[in-house]
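Colleague: need a structure here:
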Amino acid sequence: MGLYSLPRAARLLKAGDFAALRGKSKRISVRHFVAEFSANGQTTCRLGQAVSRRVSKRAVDRNRIKRLVRESYRLVRSGLPAVDILLIARSSAVPAPAGELRDDLAALWNKLLALKAAPVTGTMHG
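Modeller: Prediction:
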(Lines give C-alpha, C1' and ligand atoms only; values in the text may rest on other atoms or scores of the structure.)
Protein backbone atom coordinates (compact mmCIF):
# COMPACT_ATOMS: atom_id res chain seq x y z
CA MET A 1 0.00 0.00 0.00
CA GLY A 2 1.12 3.53 -0.65
CA LEU A 3 2.09 6.11 1.93
CA TYR A 4 -1.26 7.90 1.58
CA SER A 5 -3.55 4.89 1.40
CA LEU A 6 -6.17 4.00 3.99
CA PRO A 7 -6.13 0.23 4.55
CA ARG A 8 -8.54 -1.58 6.87
CA ALA A 9 -5.72 -1.95 9.41
CA ALA A 10 -5.69 1.86 9.80
CA ARG A 11 -9.32 2.00 10.95
CA LEU A 12 -11.17 0.94 14.07
CA LEU A 13 -13.85 -1.46 12.90
CA LYS A 14 -14.84 -3.73 15.78
CA ALA A 15 -17.17 -2.79 18.62
CA GLY A 16 -14.66 -4.19 21.09
CA ASP A 17 -11.97 -1.80 19.87
CA PHE A 18 -14.33 1.15 20.34
CA ALA A 19 -15.35 -0.05 23.81
CA ALA A 20 -11.74 -0.54 24.92
CA LEU A 21 -10.86 2.95 23.72
CA ARG A 22 -13.79 4.58 25.51
CA GLY A 23 -12.70 3.10 28.83
CA LYS A 24 -9.08 4.28 28.99
CA SER A 25 -8.74 7.25 26.68
CA LYS A 26 -7.56 10.84 26.93
CA ARG A 27 -9.37 13.67 25.15
CA ILE A 28 -8.42 16.48 22.81
CA SER A 29 -10.98 18.87 21.43
CA VAL A 30 -11.21 21.50 18.76
CA ARG A 31 -14.17 23.57 17.65
CA HIS A 32 -16.10 20.94 15.66
CA PHE A 33 -14.57 17.66 16.88
CA VAL A 34 -13.58 15.78 20.03
CA ALA A 35 -10.92 13.08 19.80
CA GLU A 36 -10.49 10.33 22.34
CA PHE A 37 -7.16 8.56 22.00
CA SER A 38 -5.14 5.84 23.66
CA ALA A 39 -1.87 4.05 22.88
CA ASN A 40 -2.54 0.88 20.90
CA GLY A 41 0.74 -1.05 21.12
CA GLN A 42 0.94 -1.35 17.34
CA THR A 43 3.20 0.29 14.78
CA THR A 44 0.54 2.56 13.28
CA CYS A 45 -2.42 4.63 14.38
CA ARG A 46 -6.05 3.65 13.81
CA LEU A 47 -9.08 5.89 13.40
CA GLY A 48 -12.70 5.34 14.33
CA GLN A 49 -15.48 7.85 13.74
CA ALA A 50 -18.67 8.67 15.57
CA VAL A 51 -21.05 10.94 13.71
CA SER A 52 -24.36 10.21 15.35
CA ARG A 53 -27.91 11.08 14.36
CA ARG A 54 -27.81 13.62 17.15
CA VAL A 55 -25.29 15.57 15.03
CA SER A 56 -27.65 15.55 12.04
CA LYS A 57 -30.70 13.53 11.14
CA ARG A 58 -29.70 13.69 7.47
CA ALA A 59 -27.37 10.89 6.37
CA VAL A 60 -25.95 13.10 3.63
CA ASP A 61 -24.64 15.54 6.28
CA ARG A 62 -23.15 12.78 8.42
CA ASN A 63 -21.51 11.13 5.41
CA ARG A 64 -20.02 14.46 4.26
CA ILE A 65 -18.34 14.90 7.63
CA LYS A 66 -17.04 11.32 7.61
CA ARG A 67 -15.61 11.73 4.10
CA LEU A 68 -13.77 14.90 5.09
CA VAL A 69 -12.37 13.23 8.21
CA ARG A 70 -11.21 10.14 6.29
CA GLU A 71 -9.48 12.25 3.64
CA SER A 72 -7.74 14.44 6.21
CA TYR A 73 -6.65 11.40 8.24
CA ARG A 74 -5.39 9.58 5.15
CA LEU A 75 -2.99 12.42 4.40
CA VAL A 76 -1.47 12.67 7.90
CA ARG A 77 -1.76 9.07 9.09
CA SER A 78 1.88 8.12 8.46
CA GLY A 79 3.15 10.85 10.79
CA LEU A 80 0.80 10.26 13.71
CA PRO A 81 1.86 8.35 16.85
CA ALA A 82 0.74 4.74 17.38
CA VAL A 83 -2.62 5.45 19.02
CA ASP A 84 -6.23 4.50 18.51
CA ILE A 85 -8.33 7.60 17.84
CA LEU A 86 -12.08 7.93 18.16
CA LEU A 87 -13.14 11.13 16.42
CA ILE A 88 -16.52 12.41 17.55
CA ALA A 89 -18.21 15.11 15.48
CA ARG A 90 -20.13 17.92 17.12
CA SER A 91 -23.35 19.27 15.64
CA SER A 92 -21.52 22.52 14.81
CA ALA A 93 -19.70 20.59 12.05
CA VAL A 94 -22.83 20.25 9.91
CA PRO A 95 -23.23 23.87 8.73
CA ALA A 96 -19.46 24.53 8.71
CA PRO A 97 -17.80 24.88 5.30
CA ALA A 98 -15.39 22.15 4.24
CA GLY A 99 -12.35 24.42 4.52
CA GLU A 100 -13.18 25.24 8.12
CA LEU A 101 -13.54 21.54 8.96
CA ARG A 102 -10.20 20.78 7.28
CA ASP A 103 -8.52 23.53 9.32
CA ASP A 104 -10.09 22.17 12.49
CA LEU A 105 -8.90 18.64 11.69
CA ALA A 106 -5.39 19.94 10.89
CA ALA A 107 -5.31 21.58 14.34
CA LEU A 108 -6.40 18.30 15.91
CA TRP A 109 -3.74 16.27 14.07
CA ASN A 110 -1.11 18.84 15.13
CA LYS A 111 -2.12 18.38 18.77
CA LEU A 112 -1.66 14.62 18.38
CA LEU A 113 1.71 15.15 16.67
CA ALA A 114 2.80 17.33 19.60
CA LEU A 115 2.06 14.39 21.89
CA LYS A 116 4.35 12.21 19.78
CA ALA A 117 7.17 14.74 20.14
CA ALA A 118 6.74 15.10 23.90
CA PRO A 119 9.19 12.95 25.85
CA VAL A 120 7.87 10.26 28.16
CA THR A 121 8.27 11.23 31.78
CA GLY A 122 8.23 9.06 34.85
CA THR A 123 10.43 6.81 36.92
CA MET A 124 9.47 3.45 35.48
CA HIS A 125 11.56 2.03 32.64
CA GLY A 126 10.01 -0.68 30.61
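Colleague: So for the helix or strand of the chain with the lowest mean pLDDT, what gets flagged as buried?
Modeller: Every helix and strand of the chain was ranked by mean pLDDT, DSSP states H and E. The lowest is helix 15-23, at a mean of 86. Within helix 15-23, the residues scored as buried using 16 or more other C-beta atoms under 10 Å are 17-18, 21. In short, each C-beta sits where N, CA and C put it, glycine included.
Colleague: Quick check: of those residues, which lies closest to Thr43?
Modeller: Asp17 (16.2 Å; C-beta to C-beta).
Colleague: Name all residues that make contact with the closest one.
Modeller: For Asp17, the contact set (C-beta atoms under 8 Å, 6 or more residues apart in numbering) comprises 46, 48, 84.
Colleague: redo that, cut-off 7 Å
Modeller: 48, 84 (C-beta atoms under 7 Å, 6 or more residues apart in numbering).
Colleague: Likewise for the one 10 residues further on?
Modeller: The contact partners of Arg27, by C-beta under 7 Å, 6+ apart, come to 34-36.
Colleague: Give me the mean pLDDT for the helix or strand encompassing it.
Modeller: Assigned by DSSP states H and E, Arg27 belongs to strand 26-29. Regarding strand 26-29, the rounded mean pLDDT is 93.
Colleague: Ok, stretch 112-119 next?
Modeller: In the prediction, stretch 112-119 has an average pLDDT of 74.
Colleague: picking up where we left off before, so which bits of the strand holding Arg27 are buried?
Modeller: Neighbour count says strand 26-29 has Ile28 buried, by 16+ other C-beta under 10 Å.
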